[in-house]
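1. Provided below for reference: sequence and predicted model.
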Amino acid sequence: MAPKITVIGTGYLGATHAAAMAELGFEVLGLDISREKIELLSAGRVPMYEPGLEELLGKHVAGIEGSSGRLRFTTSYEEVAEFGDVHFVCVNTPQKHGEYACDMSYVDSAFESLAPHLRRPALVVGKSTVPVGSAARLAARLAEAAPAGPDAELAWNPEFLREGFAVKDTLHPDRIVVGVASERAEKQLREVYAKPLAEGSPFVVTDFPTAELVKTSANSFLATKISFINAMAEVCEAADGDVVKLAEAIGHDERIGKKFLRAGIGFGGGCLPKDIRAFMARAGELGASQALMFLREVDSINMRRRGHMVELTREAVGGSFLGTRVAVLGATFKPDSDDVRDSPALNVAGQIHLQGGQVTVYDPKGMDNARALFPTLGYAPSALEAVRGADAVLHLTEWKEFRELDPAELGEAVAERRILDGRNALDADVWREAGWVYRALGRPRA
């Protein structure tokens, strides 16, 4: 008989995981302490934008006409414990306020709330990104607090979702990593992931510490690669080189590869920045701080790009933002998402506004979240309206919509045809032919 699945925490990760588990054929019960969120999900709607997720919920949420009925939601830990055989913990692990370290309070709370209700054998599977050593501590606490004792077992199964591709990444993962302490736990997880395994997804079985380190190591490597090419952009500007051509040339080396080599204003979001900082903090606690000192420079390069974009814009408008109008295309930290957490685009917009510029922002999906975070900025319903009367236009999130804009049409609306490409994603020749002054990071002559 197939195990019944529960998902604790129905944010970005949890809602996607719950819907994907239902799609894989399991009976699923999702839990969140937010009644408002549960009501939304129970109606087949999502509190965030993620391509394909709402459609997937509509296929499986109980009570929706034509659905499989395999997916339900609750606020009751008691109901979850009674229902499930395998419990996935998908709660948030934000950065502690004023510190680099990870805030484990949500994870700890989830375990403390679930454990007292586990009266029969169960597998609790952590998916949240946590400091190495957390799983061993939580496994001991689980066995201590659960009436089932050692039969309430822990596994760690880190997530590798990319915002904008989360549904695909869950249903067809490029790898599945499980940290387990028994053959029983491994067997149960092989059953849960039977369909992806049948499609050929690699299944890596390891211990708790290694499973925890995989996610933070992967994010640290990606962050390092992004900051490397952005450091090269700084050198290219000093040496009058072209970082786009440089990236193309080194990307042909299969040892390096082409991905994550587009220089720009850097990374943001709710994962990479806080994960590399938490990794540094944990390494320090373990006495291995020197091993990750390079991540401080990775973080520094990344944050420096935002300030550099502001400086380039100030230079473009004549040395001062006072009395100037600046249009910002993009608010989310990446395309195909409505996530504005630690968004480089909004950070740049906010800095220009604080320095006296009149800033108007447009984003295809992130407007509501941007307004909530930066209510003093101006917002427009379209790219055309955002650039109306602008002295400079900044391209800061690489949405497909922005790559397909008509430079001639926009040129009729602006005060001055100046565009600064903070993502090196626009065709410079096309914009120049339409009479624009085009400038991009790391390309002084482009």
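-> Ah, there it is. Numbers count the residues shown, from 1 in each chain.

2. now the helix or strand where residue 431 lies: how far from the chain's centre is it?
-> Using DSSP states H and E, residue 431 falls within helix 428-433. Chain-centre distance of helix 428-433: 32 Å, with C-alpha atoms, centre = their mean, to the nearest Å.

3. stretch 123-142 now?
-> For stretch 123-142, the distance to the chain centre is 21 Å (C-alpha atoms, centre = their mean).

4. helices along the stretch 151-300 of the chain, start to end?
-> 166-171, 183-192, 194-198, 208-239, 243-251, 272-285, 294-316 (DSSP state H, counting those that start in this stretch).

5. return the list of helices and strands in contact with the fifth one.
-> Helix 243-251 makes packing contacts with helix 208-239 when contacts are defined by 3 or more C-beta pairs under 8 Å, 6 or more residues apart in numbering; DSSP states H and E. Yep, even glycine has a C-beta here, placed from its N, CA and C like the rest.

6. buried stuff in the helix it packs on?
-> Within helix 208-239, the residues that count as buried by 16 or more other C-beta atoms under 10 Å are 208, 211-216, 219-220, 222-234, 236-237.

7. for stretch 25-45, same thing?
-> Neighbour-count burial for stretch 25-45 [16+ other C-beta under 10 Å]: 26-33, 37-38, 40-42, 44.

8. residues in contact with residue 119?
-> 81, 146-148 (C-beta atoms under 8 Å, 6 or more residues apart in numbering).

9. re earlier: mind checking which of the buried residues of stretch 25-45 are in strands?
-> With DSSP state E as the criterion, strands contain 28-31 from among the buried residues of stretch 25-45.

10. all the strands of the protein, residue numbers only.
-> Along the chain, counting by DSSP E, strands occupy 5-8, 28-31, 71-74, 86-89, 122-126, 152-156, 176-179, 203-206, 325-329, 358-362, 378-379, 392-395, 418-421, 437-440.

11. which regions of the chain sit below the pLDDT cut-off?
-> Where the chain drops to pLDDT under 70, the residues are 446.

12. quick revisit: pull the residues that contact the helix holding residue 431.
-> 407, 419, 421, 438, 440, 443, 446.

13. residues of it that come out buried?
-> Buried-residue list, helix 428-433, by 16+ other C-beta under 10 Å: 428, 431.

14. likewise for stretch 50-60?
-> 50, 53, 56-60.

15. want to try TSV for those, with distance to residue 378 as columns?
-> Putting the buried residues of stretch 50-60 into TSV (distance: C-beta to C-beta, whole Å) gives the following:
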residue	distance to residue 378
50	27
53	30
56	35
57	34
58	35
59	39
60	41
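
16. could you dump the strands of the chain into a markdown table with distance to residue 412 added?
-> What follows is the strands of the chain, written out as a markdown table (distance: least, C-beta to C-beta, whole Å):
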| stretch | distance to residue 412 |
| --- | --- |
| strand 5-8 | 50 |
| strand 28-31 | 49 |
| strand 71-74 | 49 |
| strand 86-89 | 52 |
| strand 122-126 | 55 |
| strand 152-156 | 56 |
| strand 176-179 | 52 |
| strand 203-206 | 55 |
| strand 325-329 | 14 |
| strand 358-362 | 17 |
| strand 378-379 | 20 |
| strand 392-395 | 13 |
| strand 418-421 | 14 |
| strand 437-440 | 16 |
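
17. what number of residues are in the vicinity of the residue nearest to residue 380 when sequence neighbours are not counted?
-> Nearest in space to residue 380, with sequence neighbours left out and distances taken as C-beta to C-beta, 6 or more residues apart in numbering, is residue 386 at 3.8 Å. Using other C-beta atoms under 10 Å, residue 386 has 23 other residues around it.

18. hang on, isn't residue 386 packed against residue 363?
-> No: using C-beta atoms under 8 Å, residue 386 makes no contact with residue 363, being 9.2 Å away.

19. what touches both of the two?
-> Common neighbours of residue 386 and residue 363 (C-beta under 8 Å, 6+ apart) are residue 329.

20. quick revisit: quick check: PyMOL command selecting the buried ones in the contacts of residue 119.
-> Selection of buried members from the contacts of residue 119 for PyMOL, criterion 16+ other C-beta under 10 Å:
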select buried, resi 81+146+148
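
21. any idea which of the contacts of residue 119 is closest to residue 324?
-> residue 81 (58.9 Å; C-beta to C-beta).

22. what sits against the closest one?
-> 87, 114, 117-119, 122.

23. of those, select the buried ones using a PyMOL command.
-> If you want just the buried ones from the contacts of residue 81 in PyMOL, going by 16+ other C-beta under 10 Å, the selection is:
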select buried, resi 87+114+117+118+122
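
24. which one of the contacts of residue 81 is nearest residue 411?
-> For the contacts of residue 81, the nearest to residue 411 is residue 87 (56.4 Å; C-beta to C-beta).

25. beta partners of that closest one?
-> Residue 87 has the following beta-bridge partners by DSSP bridges: residue 6, residue 124.

26. pretty sure it contacts residue 4?
-> No: using C-beta under 8 Å, residue 87 makes no contact with residue 4, being 9.7 Å away.

27. count of neighbours near the nearest residue to residue 387 once chain neighbours are set aside?
-> Nearest residue to residue 387 in three dimensions, chain neighbours excluded: residue 327, at 4.2 Å (C-beta to C-beta, 6+ apart). The number of residues packed near residue 327 is 29, by other C-beta under 10 Å.

28. quickly list what residue 327 is bridged to.
-> residue 360, residue 393.

29. list the contacts of it.
-> 359-362, 380, 386-387, 390, 392-394, 414.

30. need the contact list for residue 286.
-> So residue 286 contacts 132-133 (C-beta under 8 Å, 6+ apart).

31. distance check, it against residue 402.
-> Remark: distance between residue 286 and residue 402 (C-beta to C-beta, to the nearest Å) = 43 Å.
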